[in-house]
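Sequence unavailable; structure follows:
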């Protein structure tokens, strides 16, 4: 992680949502969004910065909505219907190759593509 990345989004305000989002519920926020619960199918989060879900992510998320390609989406259980970062759009594969409990994952832009990888804490 480079300092420019962490400082640019660290200065954004952060919204803490302390329950799960149900189908039909939306969060639109200019800064970072942290959800202490699940994001269920049919729910949507649009954030100008990072999105962190401390639960299952099964809805639609759009991080860096104003065009910030350094934004990330992180979840303890990463199974979204769609992931957008800035102008990039993807969805995860349909199969769960691990077949069981998976580690937390993060989506970010790398080489002009959205990549989803196991979360590695900063060192």
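Received, thanks. If you're wondering where the values come from, they're calculated on a predicted model, not measured in any experiment.

Contacts only, for the closest residue in space to residue 23 that isn't next to it in sequence.
Leaving aside its sequence neighbours, residue 23 sits nearest to residue 42 (CB to CB, 6 or more residues apart in numbering; 3.0 Å). C-beta coordinates here come from the backbone N, C-alpha and C atoms, glycine included. Applying CB atoms under 8 Å, 6 or more residues apart in numbering, we find residue 42 in contact with 22-24, 59.

Take those and keep only those in helices.
The members of the contacts of residue 42 all map outside helices under DSSP state H.

who wins for neighbours among these?
Highest neighbour count within the contacts of residue 42, by other CB atoms under 10 Å: residue 59, with 24 neighbours.

From residue 123, how far out is it?
31 Å (CB to CB, to the nearest Å).

And for residue 50?
Where residue 123 is concerned, residue 50 sits at a distance of 19 Å (CB to CB).

If you count surrounding residues, which of these two has more?
residue 50 (24 against 4).

gap between the more buried one and residue 42?
22 Å.

Residue 79: which of the contacts of residue 42 is nearest?
residue 59 (9.6 Å; CB to CB).

Which parts of the chain are strands?
14-17, 26-29, 32-35, 44-47, 51-57, 60-63, 73-78, 82-85, 88-90, 105-110, 113-118 (DSSP state E).
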